[in-house]
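Student: Predicted coordinates and the sequence they were generated for:
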Amino acid sequence: MGGPFSVMVSECRSLWDDLRILDLEIRLVAEEDIRLPFFRENALRAALGTSFRTTVCIYSKHYPCQECHLQQICAYFQLFSASRGNMPAGNSSPPYLSFFAPSTPTHVKAGTSVTVYLRLMGTAVSYYPYFYFCLENMSRTGIGLRNENGKRGRFVVDRIYSLSPGAEKRHFFAERFHSIGKRPSATFG
C-alpha cells in the first residue's frame, strides 16, 4: 500500500484532526415580543455583526475597516469583514455559522424561549468570549423587526450548552436566579 494517495489521506486526516469546532446551543428567553423577518438568520447575523462591531471597534461604525491600522488584531475584522487579509481571494465566508432552530416562529411572545445554534470553526473558537459578550450586548439592544416604538425585541441569554460530536449536551453557561425583567448574575460550568 502507500503511494501518493495514502499520503494525501494522511494529510487530510491530520488537517481534520487539527480543525477546531465549537458547537453551541443557546437558549434565549424573550423579555419583550420579538418579531423576526421571514429570513430569520439574516436578522441574527446582522444583529450579531452590529453588536460585535459596536462592542470591539474603537472607531465609529462609519470608519472603514480597510483603513484601520488595527485590522490585523481586530476581532471584528477577522470574523466579519468581507476583505479579511487572512482569507483566500474570493472567499468571504465567516468562520462561524449562526441559525435559529427550524421551529422558531416569526413572532416570539415575551417569556417564550428560543433556541439559537452557533458553530465556531478554526480561529473563531478562540473568539468565543467575544461572541458571548456580544450576545449579552445584543440582548439589551434587541433583535428582529422594530416595534411601533422603534425598538427591537429584547431577550435574556438563559443557557448555553456545548454540543459534542455525539450530540451530547454539556452545560456551558446558565443565568442564576433567572426572572424576566431582571438581569441576574451569570455562572459558568
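Tutor: Everything's here; your move.
Student: ok, which stretches of the chain are strands?
Tutor: For the chain, applying DSSP state E gives strands covering 21-30, 34-35, 96-100, 107-108, 113-121, 155-163, 169-175, 186-188.
Student: what's the closest of these to residue 48?
Tutor: Nearest of the strands of the chain to residue 48, taken as C-beta to C-beta: strand 96-100 at 6.0 Å. Bear in mind the C-beta positions are built from the backbone N, C-alpha and C, glycine included.
Student: In this structure residue 159 contacts residue 28, no?
Tutor: No - the criterion here is C-beta atoms under 8 Å, and residue 159 misses it with residue 28 at 9.1 Å.
Student: Can you pick out the residue with more neighbours from these two?
Tutor: A count of neighbours by other C-beta atoms under 10 Å puts residue 28 above the other of residue 159 and residue 28, at 26 against 18.
Student: how about the more buried one, what does it touch?
Tutor: 113-116, 139, 155-158 (C-beta atoms under 8 Å, 6 or more residues apart in numbering).
Student: what do you get for residue 122?
Tutor: With contact taken as C-beta under 8 Å, 6+ apart, residue 122 is in contact with 19-20, 95.
Student: gap between it and residue 165?
Tutor: Shown here: residue 122 relative to residue 165, a distance of 16 Å by C-beta to C-beta, to the nearest Å.
Student: burial count for residue 58?
Tutor: Residue 58, neighbours per other C-beta under 10 Å, totals 8.
Student: ok, what's across the strand from the closest residue in space to residue 23 that isn't next to it in sequence?
Tutor: Leaving aside its sequence neighbours, residue 23 sits nearest to residue 163 (C-beta to C-beta, 6 or more residues apart in numbering; 4.1 Å). With DSSP bridges as the criterion, residue 163 is bridged to residue 23, residue 169.
Student: if I look at residue 163, how far off is residue 131?
Tutor: Distance from residue 163 to residue 131, counting by C-beta to C-beta: 15 Å.
Student: again with residue 145
Tutor: Taken as C-beta to C-beta, the span from residue 145 to residue 131 is 23 Å.
Student: Pick out whichever of the two has more residues nearby.
Tutor: Each of residue 145 and residue 131 has its neighbours counted (other C-beta under 10 Å); residue 131 has more, 24 against 14.
Student: Make sure the more buried one is actually in contact with residue 119.
Tutor: No - in this structure residue 131 lies outside contact range of residue 119 using C-beta under 8 Å: 10.9 Å.
Student: most surrounded residue in the contacts of residue 28?
Tutor: Counting neighbours by other C-beta under 10 Å, residue 155 leads those with 27 neighbours.
Student: bridging residues for residue 34?
Tutor: Using DSSP bridges, the bridge partners assigned to residue 34 are residue 108.
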